[in-house]
Every structure is written in structure tokens, then in C-alpha cells.
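[1] need a 3D model of the sequence below.
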Amino acid sequence: MRKIYLVTYDICDDKRLRKVFKTMRNWGDHLQYSVFECQLSEMDLQTLKAELKTIIHHLHDQVLFVDLGPAAGRGDRVIEALGKPYSNVASPCYVI
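    Model (predicted):
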């Protein structure tokens, strides 16, 4: 069973930040600077965590996984924004 996860990260070093961003692009939809929405099976989740563990500095960086529940039967994605309106980004984003 696949679940939806909100993955957000705070990386202190620019080089590691770029590596985490590039890794996350392979796993989900980029919503904001350091926020991705990912549909993952349990195996996918473990693989993603293993990849990120090799990149981050465990004393200085942080990656959070927020389980939003099962992907099946959820209906349309609903994102509510305060302030600047949310817009779905169709083109890839690059961190330089």
C-alpha cells in the first residue's frame, strides 16, 4: 500500500542541500523550497531514507517525514494557502 508523505528538510550546507534536492526530485513533487509530496510504498520509504542518510550530516541537518495516510481513495489533492496563493509548478526547479 502506498502512502502520501510530506517530506521537508533543513540542510545547513549548500553542497549537501543540492544533493538532497536532486535526490528528492526523483521521489516526489516539489511543492516549495524544501518541501516535497511523495507517494511511497514502505520499501520506497526505506530506500529514500537510506539515500538521504548517506547525504546529510546527522548532527546539523534535519529531514522530516509527515505521513498523510493512504494514497488510494484520497480524491484530489487539496492545498490551502495563506498569503501568496499556491500554484502548481509545471517546470522543474533548480537549486544552484
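
[2] so which residue is smack in the middle of this structure?
    residue 36 (2.8 Å; Cα atoms, centre = their mean).

[3] for it, which non-adjacent residue is closest in space?
    The shortest distance from residue 36 to any non-neighbouring residue, by Cβ to Cβ, 6 or more residues apart in numbering, is to residue 28 (4.1 Å). Just so you know, the C-beta spots here come from the backbone N, C-alpha and C atoms, and that holds for glycine as well.

[4] would you map the helices across the chain?
    If DSSP state H is used as the criterion, the helices of the chain fall at 14-25, 42-53.

[5] ok, which of those comes nearest residue 4?
    Judged by Cβ to Cβ, the one of the helices of the chain that comes nearest to residue 4 is helix 42-53, at 11.3 Å.

[6] what residues of that closest one count as buried?
    Within helix 42-53, the residues scored as buried using 16 or more other Cβ atoms under 10 Å are 44-45, 48, 52.

[7] out of the helices of the chain, which is closest to residue 2?
    Closest to residue 2 of those is helix 42-53 (Cβ to Cβ; 7.8 Å).

[8] how close does residue 30 sit to residue 42?
    23 Å (Cβ to Cβ, to the nearest Å).

[9] from the buried residues of helix 42-53, pick the one nearest residue 13.
    Closest to residue 13, out of all of the buried residues of helix 42-53 and judged by Cβ to Cβ, is residue 52, at 13.9 Å.
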